[in-house]
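In: Sequence and predicted structure are below.
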Amino acid sequence: MKITFVKKILADGSACKKCGEVTAKMEEAGQLQYIDEIVIADERDPESAGLKLAAQYDVNRAPFFIVEEEGKEAAVYTVYFKFVKQVLAGKTSEQEEIKEIMNDNPDLDFI
(Lines give C-alpha, C1' and ligand atoms only; values in the text may rest on other atoms or scores of the structure.)
Protein backbone atom coordinates (compact mmCIF):
# COMPACT_ATOMS: atom_id res chain seq x y z
CA MET A 1 0.00 0.00 0.00
CA LYS A 2 1.23 3.48 -0.89
CA ILE A 3 -0.24 6.55 0.80
CA THR A 4 0.31 10.01 -0.66
CA PHE A 5 -0.58 13.09 1.39
CA VAL A 6 -1.26 16.17 -0.76
CA LYS A 7 -0.96 19.58 0.91
CA LYS A 8 -1.49 23.01 -0.62
CA ILE A 9 0.47 26.24 -0.81
CA LEU A 10 -1.80 29.21 -1.51
CA ALA A 11 -1.22 31.76 -4.27
CA ASP A 12 0.25 34.23 -1.75
CA GLY A 13 2.84 31.63 -0.70
CA SER A 14 1.26 30.81 2.65
CA ALA A 15 0.44 27.30 3.78
CA CYS A 16 -3.14 26.08 3.62
CA LYS A 17 -4.63 26.42 7.14
CA LYS A 18 -6.53 23.12 6.99
CA CYS A 19 -3.39 21.34 5.72
CA GLY A 20 -1.46 22.63 8.73
CA GLU A 21 -4.20 21.49 11.12
CA VAL A 22 -4.29 17.99 9.61
CA THR A 23 -0.49 17.74 9.65
CA ALA A 24 -0.46 18.71 13.35
CA LYS A 25 -3.14 16.10 14.16
CA MET A 26 -1.15 13.45 12.30
CA GLU A 27 2.09 14.38 14.08
CA GLU A 28 0.35 14.28 17.45
CA ALA A 29 -1.17 10.86 16.70
CA GLY A 30 2.05 9.42 15.25
CA GLN A 31 0.38 8.86 11.88
CA LEU A 32 2.94 10.52 9.61
CA GLN A 33 4.98 7.33 9.75
CA TYR A 34 2.34 5.70 7.52
CA ILE A 35 2.63 8.35 4.80
CA ASP A 36 4.89 7.26 1.95
CA GLU A 37 4.98 10.59 0.12
CA ILE A 38 4.02 14.18 0.83
CA VAL A 39 3.28 16.20 -2.30
CA ILE A 40 2.68 19.93 -2.55
CA ALA A 41 -0.09 21.47 -4.64
CA ASP A 42 1.36 24.94 -5.19
CA GLU A 43 -1.20 27.41 -6.57
CA ARG A 44 1.70 29.52 -7.88
CA ASP A 45 2.90 26.65 -10.08
CA PRO A 46 0.27 24.98 -12.30
CA GLU A 47 2.82 22.24 -13.04
CA SER A 48 3.32 21.33 -9.37
CA ALA A 49 2.96 17.63 -8.63
CA GLY A 50 0.08 18.20 -6.20
CA LEU A 51 -1.98 20.21 -8.67
CA LYS A 52 -1.43 17.53 -11.29
CA LEU A 53 -2.67 14.88 -8.84
CA ALA A 54 -5.67 17.04 -7.94
CA ALA A 55 -6.57 17.31 -11.62
CA GLN A 56 -5.96 13.60 -12.24
CA TYR A 57 -8.27 12.58 -9.39
CA ASP A 58 -10.72 15.47 -9.83
CA VAL A 59 -10.14 16.82 -6.32
CA ASN A 60 -10.85 20.48 -5.61
CA ARG A 61 -9.83 20.86 -1.97
CA ALA A 62 -6.86 20.16 0.21
CA PRO A 63 -5.51 18.34 1.98
CA PHE A 64 -6.28 14.98 0.48
CA PHE A 65 -4.90 11.47 0.58
CA ILE A 66 -4.39 8.98 -2.24
CA VAL A 67 -4.26 5.33 -1.22
CA GLU A 68 -2.91 2.93 -3.82
CA GLU A 69 -3.02 -0.83 -3.41
CA GLU A 70 -1.82 -3.29 -6.00
CA GLY A 71 -4.64 -4.62 -8.12
CA LYS A 72 -7.12 -1.98 -6.91
CA GLU A 73 -8.20 1.40 -8.15
CA ALA A 74 -6.65 4.26 -6.15
CA ALA A 75 -8.88 5.61 -3.38
CA VAL A 76 -8.97 9.34 -2.66
CA TYR A 77 -9.90 10.74 0.75
CA THR A 78 -10.68 14.42 1.26
CA VAL A 79 -11.91 13.98 4.84
CA TYR A 80 -9.08 13.34 7.31
CA PHE A 81 -11.15 11.44 9.89
CA LYS A 82 -12.63 9.17 7.24
CA PHE A 83 -9.11 8.46 5.97
CA VAL A 84 -7.94 7.61 9.49
CA LYS A 85 -10.93 5.38 10.17
CA GLN A 86 -10.92 3.50 6.87
CA VAL A 87 -7.20 3.35 6.10
CA LEU A 88 -5.25 3.73 9.32
CA ALA A 89 -7.92 2.00 11.42
CA GLY A 90 -7.66 4.80 13.94
CA LYS A 91 -10.35 5.77 16.31
CA THR A 92 -12.33 8.83 15.33
CA SER A 93 -15.73 9.82 16.50
CA GLU A 94 -18.65 10.33 14.17
CA GLN A 95 -18.98 13.81 15.66
CA GLU A 96 -15.43 14.73 14.58
CA GLU A 97 -16.07 13.44 11.07
CA ILE A 98 -19.37 15.33 10.75
CA LYS A 99 -17.78 18.52 12.10
CA GLU A 100 -15.01 18.35 9.49
CA ILE A 101 -17.49 17.70 6.67
CA MET A 102 -19.69 20.61 7.81
CA ASN A 103 -16.68 22.97 8.13
CA ASP A 104 -15.51 22.04 4.64
CA ASN A 105 -18.99 22.36 3.11
CA PRO A 106 -20.77 25.39 4.58
CA ASP A 107 -23.55 24.99 2.02
CA LEU A 108 -24.66 21.73 3.69
CA ASP A 109 -27.22 21.65 6.48
CA PHE A 110 -27.05 18.94 9.13
CA ILE A 111 -30.32 17.13 9.82
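Out: Sure thing, it's come through.
In: For the nearest residue to I35 once chain neighbours are set aside, give me the pLDDT.
Out: Once flanking residues are discounted, I35 sits nearest to F5: 4.7 Å by Cβ to Cβ, 6 or more residues apart in numbering. No exception for glycine: its C-beta is placed from N, CA and C like everyone else's. As predicted, F5 sits at a pLDDT of 98.
In: With the one 3 residues further on instead?
Out: Per-residue pLDDT puts K8 at 97.
In: Tell me which residue lies nearest the centroid of this protein.
Out: Among the residues of the chain, the one closest to the centroid is F64, at 2.1 Å (Cα atoms, centre = their mean).
In: do you know how far that residue is from A54?
Out: According to Cβ to Cβ, to the nearest Å, F64 stands 7 Å off from A54.
In: which one's the longest strand in this structure?
Out: strand 2-9 (DSSP state E).
In: Could you point out the helix or strand that follows that one?
Out: helix 17-29 (DSSP states H and E).
In: any idea where the helices of the chain begin and end?
Out: Using DSSP state H, the helices assigned to the chain run over residues 17-29, 49-56, 80-83, 94-104.
In: ok, the residue nearest to the centre of the chain - contacts?
Out: Counting by Cβ atoms under 8 Å, 6 or more residues apart in numbering, F64 touches 6, 54, 57, 76-78.
In: same thing with A41?
Out: Applying Cβ under 8 Å, 6+ apart to A41 gives the contacts 6-9, 48-51, 53-54, 62.
In: most neighbours, which of the contacts of F64?
Out: Neighbour counts for the contacts of F64 (other Cβ atoms under 10 Å) peak at V6, which has 25 neighbours.
In: Verify the contact between that residue and A62 for me.
Out: Yes. Between V6 and A62 there is a contact under Cβ atoms under 8 Å: 6.2 Å.
In: State the pLDDT value of I98.
Out: Each residue has a pLDDT score; the one for I98 is 65.
In: next one: M102
Out: On pLDDT, M102 comes in at 71.
In: ok, now P63?
Out: For P63, the predicted pLDDT is 97.
In: what's the nearest residue to it if we skip its chain neighbours?
Out: In space, P63 is closest to C19, 4.5 Å off (Cβ to Cβ, 6+ apart).
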